[in-house]
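Engineer: generate a structure from the sequence data that follows.
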Amino acid sequence: MDADLKDILFLDIETVGCVDHYSKLPERMKSQWARKANFFKRDEDQTDEDLFHDRAGIYAEFGKIVVIAIGKYTEENGVFGLRTKYFAEHDEKKLLTDFRAMLEKMGPGVRLCAHNGKEFDFPYMCRRMLVNGIALPNVLNMAGKKPWEIAHLDTLELWKFGDYKHYTSLDLLATIFEIPTSKGTMDGSMVSKVYYNEGDLKKIAEYCVGDVVAIAQLYLKMKGMNLMDERNVIPA
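Structural biologist: Alright, predicted model coming up:
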């Protein structure tokens, strides 16, 4: 296996609003959401409650993580592949504690990679760990570190080539590089409904794992390499 591919942990998170209905927010949190919602563009008839159900999961202060999916390249008997796993819990503190324990076991050499991870996944996980009273693992603790000491990779950043104005979705990049994705079964806008209305964590987790596979495949293309055979994706 190429040395540059070792010790990369690909990941993706799925998030939802912290409660299933706006009415369950404490009054103090409702006031804070109203302040946040003042900055959103909205239709004339859209209320703070409507906006909460549409957008709360995007913000770590008003959301929670329900799934973290991961993937790591592997090579066994000369066959290159990807081993995947997911953490899925209604109890966010348990989910994050288990994920943190796994990171610590991997040691200091691990590098995290996500699509738009530097803007979303990594800071979101850090914020939710702190809210849950969990000490940040070394790989996520950026305090006092110089930029080159932070071992985070981001396929969106790699695609930007220094163009900070441009956002490109994982789905679009998967399309142009002909990478199969899980977008046919779900998309991000459906996660909250599937979680709160159907309680189907497994469905969300499988969708999330699909994104991790797509990110790992995209990283290969960014390195000018061929896609791996999908038959070599190994679920944990």
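Engineer: where are the low-confidence patches of this protein?
Structural biologist: When residues are selected by pLDDT under 70, those of the chain lie in 182-184.
Engineer: which strand runs longest in it?
Structural biologist: strand 63-76 (DSSP state E).
Engineer: who's in contact with the next helix or strand after that one?
Structural biologist: Next in sequence after strand 63-76, counting helices and strands by DSSP states H and E, comes strand 79-88. With contacts defined as C-beta atoms under 8 Å, 6 or more residues apart in numbering, strand 79-88 is touched by 1, 10, 66-75, 95, 98-99, 201-202, 204-205, 208-209, 212-213, 216, 228-229, 232-236. Yep, even glycine has a C-beta here, placed from its N, CA and C like the rest.
Engineer: how far does strand 79-88 sit from its chain's centre?
Structural biologist: 15 Å (C-alpha atoms, centre = their mean, to the nearest Å).
Engineer: can you check stretch 132-141 too?
Structural biologist: With C-alpha atoms, centre = their mean, you get 16 Å for stretch 132-141.
Engineer: what do you get for stretch 206-220?
Structural biologist: Centroid displacement of stretch 206-220 relative to its chain, using C-alpha atoms, centre = their mean, is 11 Å.
Engineer: residues in contact with it: which ones?
Structural biologist: Stretch 206-220 is contacted from outside by 8, 10-14, 67-71, 73, 82, 84, 86, 113-115, 153, 155, 158, 170, 173-174, 177, 179-183, 185-186, 191, 226-228, 230, 233, 235, using C-beta under 8 Å, 6+ apart.
Engineer: mind listing which of those are in helices?
Structural biologist: Among the contacts of stretch 206-220, DSSP state H puts 155, 158, 170, 173-174, 191 in helices.
Engineer: out of these, give me the two with the largest separation.
Structural biologist: Distance extremes for the ones in helices among the contacts of stretch 206-220: the farthest pair is 158 and 191 at 25.3 Å, using C-beta to C-beta.
Engineer: higher neighbour count, these two?
Structural biologist: In this view residue 158 and residue 191 are compared by other C-beta atoms under 10 Å, and residue 191 has more residues nearby, 20 against 16.
Engineer: for the chain, just list every one of the strands.
Structural biologist: Under DSSP E, the chain gives strands at 8-17, 63-76, 79-88, 111-114, 152-154, 233-235.
Engineer: from residue 48, how far off is the residue lying closest to residue 50 once chain neighbours are set aside?
Structural biologist: Excluding the flanking residues, the one nearest residue 50 by C-beta to C-beta, 6 or more residues apart in numbering is residue 42, at 7.8 Å. Using C-beta to C-beta, to the nearest Å, residue 42 is found at 9 Å from residue 48.
Engineer: residue 9 now?
Structural biologist: Applying C-beta to C-beta, the value for residue 9 to residue 48 is 38 Å.
Engineer: before we move on, back to that, most tightly surrounded among the strands of the chain?
Structural biologist: Mean neighbour count (mean count of other C-beta atoms under 10 Å) peaks for strand 8-17 among those, with a mean of 24.
Engineer: that one vs strand 63-76, what angle?
Structural biologist: Counting by axes from the mean of the first three to the mean of the last three C-alpha atoms, to 10 degrees, strand 8-17 lies at 160 degrees to strand 63-76.
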